[in-house]
Structures are given as C-alpha cells and as structure tokens.
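Novice: What follows is a predicted protein model with its sequence.
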Amino acid sequence: MSIGILTSGGDCPGLNAVIRGAVLKGTQIYNQEFVGFRGGWRGVVDGDIMPLARKDIQGISKQGGTILGTSRTNPFEGDGGADRVRENMARLGVDSLIAIGGEGTLAAAKRLTDAGIKIVGVPKTVDNDLSATDYTFGFDTAVQIATDAMDRLRTTGDSHGRCMVAEVMGRHVGWIALHSGMAAGAHVILIPEQKTSLDQICAWVQSVKDRGRAPLVVVAEGFHLDSMDDPHSERGLDAFGRPRLGGIGEILAPIIEERTGLETRATTLGHIQRGGTPSSYDRVLATRYGMAAVDSVMHQRWGRMVSLSGTSITHVAFEDALGKLNTVSQSRYDEAAILFG
Ligand SMILES: Nc1ncnc2c1ncn2[C@@H]1O[C@H](COP(=O)(O)OP(=O)(O)O)[C@@H](O)[C@H]1O
Ligand SMILES: O=P(O)(O)OC[C@H]1O[C@](O)(COP(=O)(O)O)[C@@H](O)[C@@H]1O
Ligand SMILES: [Mg+2]
C-alpha cells in the first residue's frame with residue numbers, strides 16, 4: 001500500500017519542498033511508497049496519479065509551484081463523494097492521504113476523514129491567514145518578492161516625485177501588506193482588517209509630500225474604504241465561487257492624485273508574489289512539514305494537520321484548524337501606523 005499526496009487550492013512557493021520532505025523521510029526511514037494525485041482533489045476523484053519515487057522528487061525543493069498541479073475542485077461535487085474517493089484509493093493501492101492546502105482543502109479533508117478516510121493535513125496559505133499555525137510556507141517568499149518590488153517602486157517614485165501605490169495579495173488578512181510595507185518603509189499600509197477613510201489616506205500622503213518625499217502606499221487586495229461594504233471585485237468568481245479580488249490600487253490612485261495634486265501611479269503585483277523560487281525559510285519549513293506529515297501517517301494521526309508553534313512542529317485537529325482566521329491584531333497595526341505619513 002502507498003501514501004497518496006495531493007496539493008489543492010491556490011499554489012504557493014514551498015509545495016514541492018513538502019512533497020520532497022515527505023517522500024524522502026517516508027522512503028528512507030519508514031520504507032513507504034508514495035503516489036501523487038494530479039490536480040488536487042480532482043485527481044483523487046478521477047483516480048489520476050503519477051509516480052512519486054525518490055528519483056521523481058530530486059531537486060524539487062527549490063522549484064516554485066507544485067509538480068502535482070493543483071485545482072479548486074470540491075471532492076464532494078459532480079462524480080465525487082467519499083465512496084468514490086474510497087473506491088479509487090482501494091483500486092490504486094493507496095491507504096492514506098497527505099492533503100496539502102488551505103482552509104478549503106482542510107474542510108474537504110475533514111469531511112472525508114469523518115467518512116473514515118485516512119488523511120493528514122499540511123497547511124498552505126501564502127496570505128498567512130490560518131490561525132492554527134504560527135506560519136506557513138510561501139508567506140516569507142511572497143513578502144520578500146513584494147519588498148523587492150516596493151524597493152524598485154521607490155526609486156522610480158523618488159526620481160519623478162510621484163506617489164506610488166503597490167497592491168499586494170491578502171484576501172481576508174493584511175500580513176503580506178504589513179510585513180512588506182514595513183520592510184520597504186511604506187508611508188501608508190491599508191489592510192482588510194482596518195477600514196480607512198480617503199481623508200485619512202490623503203492626509204498621510206499629503207504629509208509625506210509636504211516633507212518633500214515621494215509617498216509609497218501599500219494596499220492589500222482585500223482592503224476596503226470605510227465607505228465600501230465589500231472589497232473591490234470586478235473579475236468574476238473563482239472556481240470555488242468566491243469573488244476574484246484585485247484592482248483597489250487602480251481605484252485609489254486617481255483619487256489620491258486628484259485630492260493631493262500629486263501625480264500617482266498604481267502597480268498590482270498579483271501572481272508574481274506566488275511564483276518562482278521559495279525562500280530558504282520557506283524551503284526549511286515546508287521540508288519539516290513534509291517530514292512531520294509522514295510521521296503523522298505512521299502514528300495514524302488521522303484528521304490532524306501539522307502546524308508550527310514557535311519553532312516546533314505540533315499537530316492540530318482539522319476542526320480546530322478551520323473557521324478562525326489569523327488576522328492582523330490591532331496592536332500590530334498600531335505599531336506599524338506609527339511609521340505612517
Ligand atoms: N466545505 C468544503 N467541503 C469540501 N470542499 C471544500 C470545502 N470548502 C472548500 N473546499 C475545497 O477546498 C479547495 C480550495 O480551498 P483552499 O485549499 O483553502 O485554497 P485557496 O484558499 O487557495 O482557494 C477547493 O478544492 C474547494 O472546492
Ligand atoms: O488567482 P487565484 O488563484 O484565484 O488566487 C487568488 C487568491 O489567492 C490568495 O493568494 C490566497 O492564497 P492562500 O489560500 O494561499 O492564502 C489570495 O490572496 C488571492 O485572493
Ligand atoms: Mg485559503
């Protein structure tokens with residue numbers, strides 16, 4: 001019997017390092033065999049597998065994305081369901097699953113675990129929005145990419161004396177904006193947790209302008225002004241039916257320009273934040289998660305995900321890992337806001 005691995009939901013740097021860590025420890029220490037399910041839960045429902053022997057995972061921890069592919073397929077929709085998953089696993093000789101994904105993937109994993117399927121989880125979120133772990137891989141890389149981009153925006157902004165608006169990822173939480181904004185010395189950081197008025201934003205920009213500096217405004221895609229009910233969305237729905245966010249930077253830039261008289265440009269970093277080589281921190285964390293997930297399989301810790309607590313790997317039940325977001329606290333925001341304007 002082998003262990004099946006899948007990656008599900010939005011990709012992020014470090015997924016391959018999890019796969020490598022799991023396969024290396026599983027083959028070396030436990031003499032286990034592995035297969036990969038292609039395209040997230042779709043591969044589990046369709047029985048679409050690929051080999052995951054030691055030679056298949058050589059050198060992949062430095063590769064972005066996921067060699068397994070991913071999707072936002074709900075395993076209970078269409079032809080899916082727990083019976084279908086169980087039948088496929090039995091037919092393919094797969095005894096248990098390591099599901100690597102965000103809260104949606106873990107919600108699906110919990111339902112399948114409740115139906116008796118043996119699953120352990122590995123948390124994935126580039127936004128760092130899962131409360132049941134201190135950090136997940138992908139976040140550090142995204143923050144570094146965003147910081148590099150902002151450093152570049154500042155040199156061109158300084159040269160022209162312009163206000164630069166940088167939009168970063170962050171659907172429900174503003175961690176990428178907060179960390180990259182602090183690192184890059186942003187003058188304004190706008191996050192989903194803190195509705196802010198245009199008057200306040202323009203006052204910060206104006207004070208930077210008055211000091212003769214070129215303002216940098218960082219905005220998370222999920223931010224909304226105090227006058228808006230929901231985050232800005234004009235790109236339809238994703239495969240899971242959620243509004244595709246993005247574009248708030250382009251909305252803010254002309255308003256800031258009109259109100260402050262300062263020429264303003266917006267840049268949306270988008271999926272660049274999720275692509276490419278993972279940072280060393282993310283590779284190490286992801287590798288440790290992968291190895292810990294195999295330990296969990298061997299200890300039959302079904303229905304639990306590996307998690308980082310301080311510097312130690314711990315285990316959290318799926319139900320405790322779901323439903324509570326890791327938001328930016330008021331004190332972390334207040335600390336950053338001392339640097340605004
Ligand atoms: N309650 C649920 N039951 C079954 N599948 C779910 C549930 N919630 C979400 N999903 C599935 O979870 C996956 C996406 O969620 P997630 O892993 O959090 O990634 P992301 O946040 O990047 O979209 C999809 O496969 C989606 O269909
Ligand atoms: O373009 P996609 O794949 O729909 O994903 C966009 C969303 O994924 C995210 O990057 C979240 O990813 P995580 O689930 O990894 O935190 C959001 O910031 C963004 O709204
Ligand atoms: Mg998610």
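Specialist: Everything's here; your move. Ligands and ions are numbered 1, 2, ... in the order given.

Novice: from here on, contacts and neighbour counts on C-alpha atoms
Specialist: Will do.

Novice: packing partners for the helix or strand hosting Ser96?
Specialist: Here Ser96 sits within strand 94-101, counting by DSSP states H and E. With contacts taken as 3 or more CA pairs under 8 Å, 6 or more residues apart in numbering; DSSP states H and E, strand 94-101 sits against strand 2-7, helix 103-114, strand 119-123, helix 280-298.

Novice: Relative to His160, which of these is closest?
Specialist: Closest of those to His160 is helix 280-298, at 35.2 Å (criterion: CA to CA).

Novice: Run the chain-centre distance for whichever helix or strand comes after that closest one.
Specialist: Counting by DSSP H and E, the next helix or strand C-terminal to helix 280-298 is strand 304-309. The gap between where strand 304-309 is centred and where its chain is centred comes out at 16 Å by CA atoms, centre = their mean, to the nearest Å.

Novice: buried set for strand 304-309?
Specialist: By neighbour count on 16 or more other CA atoms under 10 Å, the buried set for strand 304-309 is 304-308.

Novice: wait, which of those residues is closest to Asp210?
Specialist: For those, the residue nearest Asp210 by CA to CA is Leu308; the value is 44.3 Å.

Novice: And the pLDDT for the most centrally placed residue in the chain?
Specialist: For the chain, Val126 is the residue whose C-alpha lies nearest the centre (CA atoms, centre = their mean; 1.8 Å). pLDDT recorded at Val126 is 96.

Novice: and it, what does it touch?
Specialist: Shown in contact with Val126 (CA atoms under 8 Å, 6 or more residues apart in numbering): 12, 136-139, 142, 274.

Novice: Which two among those residues are spaced furthest apart?
Specialist: Using CA to CA, the contacts of Val126 span at most 13.2 Å, a distance reached by Thr136 and Arg274.

Novice: Show me where the stretch 201-341 of the chain has its helices.
Specialist: Using DSSP state H, counting those that start in this stretch, the helices of the stretch 201-341 of the chain run over 248-260, 280-298, 318-321, 330-337.

Novice: Restrict the contacts of Val126 to those that also contact ligand 1, please.
Specialist: By CA under 6 Å from any ligand atom, no member of those lies near ligand 1.

Novice: circling back to that earlier point, ligand 2: which of the helices of the stretch 201-341 of the chain is closest?
Specialist: For the helices of the stretch 201-341 of the chain, the distance to ligand 2 is smallest for helix 248-260, at 12.4 Å, taking CA to the nearest ligand atom.

Novice: I'd like to know which elements that closest one is packed against.
Specialist: Using 3+ CA pairs under 8 Å, 6+ apart: helix 248-260 touches strand 163-168, helix 198-210, strand 264-268.

Novice: Would you convert these into JSON lines that also reports distance to ligand 2 and mean pLDDT?
Specialist: Shown next, in JSON lines, are the helices and strands packed on helix 248-260 (distance: least, CA to the nearest ligand atom, whole Å; pLDDT from 0 to 100):
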{"stretch": "strand 163-168", "distance to ligand 2": "8", "mean pLDDT": "98"}
{"stretch": "helix 198-210", "distance to ligand 2": "22", "mean pLDDT": "98"}
{"stretch": "strand 264-268", "distance to ligand 2": "12", "mean pLDDT": "98"}
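
Novice: Give me whichever of these is most buried.
Specialist: Among the helices and strands packed on helix 248-260, strand 163-168 has the highest mean neighbour count (mean count of other CA atoms under 10 Å), at a mean of 28.

Novice: list the contacts for the residue of the stretch 101-250 of the chain found nearest ligand 2?
Specialist: Ligand 2 sits closest to Thr125 of the stretch 101-250 of the chain, with a gap of 3.2 Å, by CA to the nearest ligand atom. Applying CA under 8 Å, 6+ apart to Thr125 gives the contacts 12, 101-102, 136-139.
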